[in-house]
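Asks: Provided below for reference: sequence and predicted model.
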Amino acid sequence: MGRDVHAAPDLSFLIPPTSENRWTDLLATFIATDPEPISELVEREVDGVEREVLVRSNVKRRRGVAVRRADRLDLLLRHSGQQVAAVEAKLLAPLGPKQLERYEESFPGVPGFVLHLDRFPMVGAELRDWQSLTWETVLNAYTRSRDEWVALTANVWRERLGQLVPEVNGSTRWNKVPVDVAGFEVALRARLAWLHEQFSRENHGLEHDLVVASNGGSWILRFWLPDRGEGQFITAELSERLPAPAWKLDEGLPFADRVQGPQFLVGLRQEGVKTSASFNWDLLRRLFTDTVFKVNPEASGHRAVDVVDGRCWSRRSAAPRSNVDRDNHVAMQKDGAPPWLGQGYGMAQAKAGGACVFGARFTMSPGVSLDEVHQETNRTVQLLRDMARAAG
């Protein structure tokens, strides 16, 4: 049978869910073509729009030279040349630290709106005085545009929203993912975004964020206790265990069979450093002693400790690459720590990103539901608090 010529067009190549910029470009085209629907939503007359507007407060000077970081407002709405509304667009990413505060400094007195999917609401504390605006509401408004092309495109976009960005909930299984690389990546982002939303709603009192891993592609949900001094944080990171570089390998093997499951890295993070030489290995050992393992004086090697935590901690020996990290890891074992304590990111990450993390990992089954991952996240929050008390 031939293809149905009346079928709605596939927009996934035009506005892939991995690109907030492409989504915002198309919305800006709608606004430039017909500003009336957005005028009604922001309750201000609009006759023009700007994209990617530089945030002035994010211009730094280094050695007398102005350096501009890539921090730009997505949409700036205008009327008769005047700024009337600022719009920051989000898909699967949360707001960055103090992001809206910087925008307020750059566009003083301009009302602000955060555009997001209805199922991934922004947290109230992050919004400050900005108003919430959903993609669903905006697209619904543009389906009634007086411009035929805008109305038709908005209608198809709205109908395909659940396909462009997969809908997940507590019953979603971690390994129920698409077979293609792009779909797999979006599915993982959606899972981590949902877990981040649940974490934000419950207000554990911990700092938390959602970041892209340094190897690219994979997303990480991080949460941590307050600074213990010298930029040290008791922390946990949650991500898919399958490394991002391995996503494109084994093309004949479906991702549902490749997914290894949500993995937690629990330990100590040190920030504001260019070397891991000053990492506090003794504190790391004390965090895990009596909370995760107890020293067994009658045994040696891997059996020198008894795991008392109940989680399936990885027993693979840590293998720091740097000589400094390796020597410190060996010294920690002489003080009673098991070889598998010390997994994480050391000297190379400290030099490149200004932070290092060492600890231990445990992985859940790839078939778990998001509700189960969420429950384990809550248990891990309590583990971090127990560690803080154990270390004094």
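Replies: That came in fine, so what should we check first? Numbers count the residues shown, from 1 in each chain.

Asks: ranges for the helices of this structure?
Replies: 20-33, 36-42, 99-106, 124-127, 135-142, 148-159, 161-164, 181-202, 255-258, 281-288, 323-334, 347-353, 370-391 (DSSP state H).

Asks: distance from the chain centre to the last one, please.
Replies: Think helix 370-391. Shown here is helix 370-391, whose average C-alpha point lies 19 Å from the average C-alpha point of the whole chain (CA atoms, centre = their mean, to the nearest Å).

Asks: least reliable of the helices of the chain by average pLDDT, please.
Replies: When mean pLDDT is averaged over each of the helices of the chain, helix 124-127 scores lowest at a mean of 70.

Asks: if we can go back for a sec, want to throw the helices of the chain into TSV with mean neighbour count?
Replies: Any C-beta I mention is one placed from the backbone N, CA and C, and that applies to glycine too. As requested, the helices of the chain are exported to TSV (neighbours: other CB atoms under 10 Å):
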stretch	mean neighbour count
helix 20-33	18
helix 36-42	19
helix 99-106	18
helix 124-127	13
helix 135-142	19
helix 148-159	17
helix 161-164	15
helix 181-202	20
helix 255-258	16
helix 281-288	21
helix 323-334	16
helix 347-353	16
helix 370-391	17
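
Asks: a markdown table for those, including distance to L11?
Replies: Formatted as a markdown table, the entries for the helices of the chain read as follows, by distance: least, CB to CB, whole Å:
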| stretch | distance to L11 |
| --- | --- |
| helix 20-33 | 9 |
| helix 36-42 | 19 |
| helix 99-106 | 28 |
| helix 124-127 | 29 |
| helix 135-142 | 11 |
| helix 148-159 | 6 |
| helix 161-164 | 7 |
| helix 181-202 | 14 |
| helix 255-258 | 23 |
| helix 281-288 | 48 |
| helix 323-334 | 47 |
| helix 347-353 | 35 |
| helix 370-391 | 26 |
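
Asks: how about the CA coordinates for stretch 384-392, as PDB?
Replies: Extracted in PDB, the C-alpha atoms of stretch 384-392 (Å, rounded to 0.1, in the frame of the first residue of the first chain):
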ATOM      1  CA  LEU A 384      23.800  10.700  52.800                       C
ATOM      2  CA  ARG A 385      22.500  12.000  56.100                       C
ATOM      3  CA  ASP A 386      23.600   8.900  57.900                       C
ATOM      4  CA  MET A 387      27.000   9.300  56.400                       C
ATOM      5  CA  ALA A 388      27.300  12.900  57.600                       C
ATOM      6  CA  ARG A 389      26.500  11.800  61.200                       C
ATOM      7  CA  ALA A 390      28.900   8.900  61.000                       C
ATOM      8  CA  ALA A 391      31.800  11.100  59.900                       C
ATOM      9  CA  GLY A 392      31.000  13.700  62.500                       C
END
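
Asks: who touches that stretch?
Replies: 206, 223-225, 228, 234-236, 266, 283, 286-291 (CB atoms under 8 Å, 6 or more residues apart in numbering).

Asks: highest neighbour count among those?
Replies: For these, the largest neighbour count, defined by other CB atoms under 10 Å, is 27 neighbours, found at V266.

Asks: domains in this structure, by residue range?
Replies: The record's domain parsing of the chain by automatic domain parsing lists 20-162, 166-391.

Asks: need those domains in JSON lines (columns: distance to D10).
Replies: As requested, those are exported to JSON lines (distance: least, CB to CB, whole Å):
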{"stretch": "domain 20-162", "distance to D10": "8"}
{"stretch": "domain 166-391", "distance to D10": "13"}
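
Asks: hang on, the earlier thing: any idea which of the helices of the chain gets closest to A85?
Replies: When those are ranked by distance to A85, counting by CB to CB, first place goes to helix 36-42 at 4.5 Å.

Asks: can you list contacts of that closest one?
Replies: Among residues not part of helix 36-42, those counted as contacts by CB under 8 Å, 6+ apart are 30-31, 45-46, 77, 84-85, 87, 111, 113, 133, 137-138, 141-142, 144-146.

Asks: again, but for stretch 11-26
Replies: Outside stretch 11-26, the residues that reach it (CB under 8 Å, 6+ apart) are 51, 74-75, 89-93, 135, 153, 156-157, 160, 163-165, 182, 185-186, 189.

Asks: could you rerun that using 7 Å?
Replies: 51, 74-75, 89-91, 156-157, 160, 164-165, 182, 185-186 (CB atoms under 7 Å, 6 or more residues apart in numbering).

Asks: can you tell me which of those residues lies closest to R128?
Replies: Checking these against R128 with CB to CB, the nearest one is K90 at 14.8 Å.

Asks: what's the closest of the domains of the chain to P9?
Replies: Between P9 and the domains of the chain, the shortest separation by CB to CB is 6.0 Å, and it involves domain 20-162.

Asks: run the chain-centre distance for the closest one.
Replies: Going by CA atoms, centre = their mean, the spacing between the C-alpha centre of domain 20-162 and its chain's C-alpha centre is 20 Å.

Asks: now stretch 327-337
Replies: Shown here is stretch 327-337, whose average C-alpha point lies 33 Å from the average C-alpha point of the whole chain (CA atoms, centre = their mean).

Asks: any idea how far L341 is from the residue nearest to A337 when sequence neighbours are not counted?
Replies: Counting by CB to CB, 6 or more residues apart in numbering, the nearest residue to A337 once its immediate chain neighbours are dropped is R285, at 4.5 Å. The spacing between R285 and L341, counted by CB to CB, to the nearest Å, is 7 Å.
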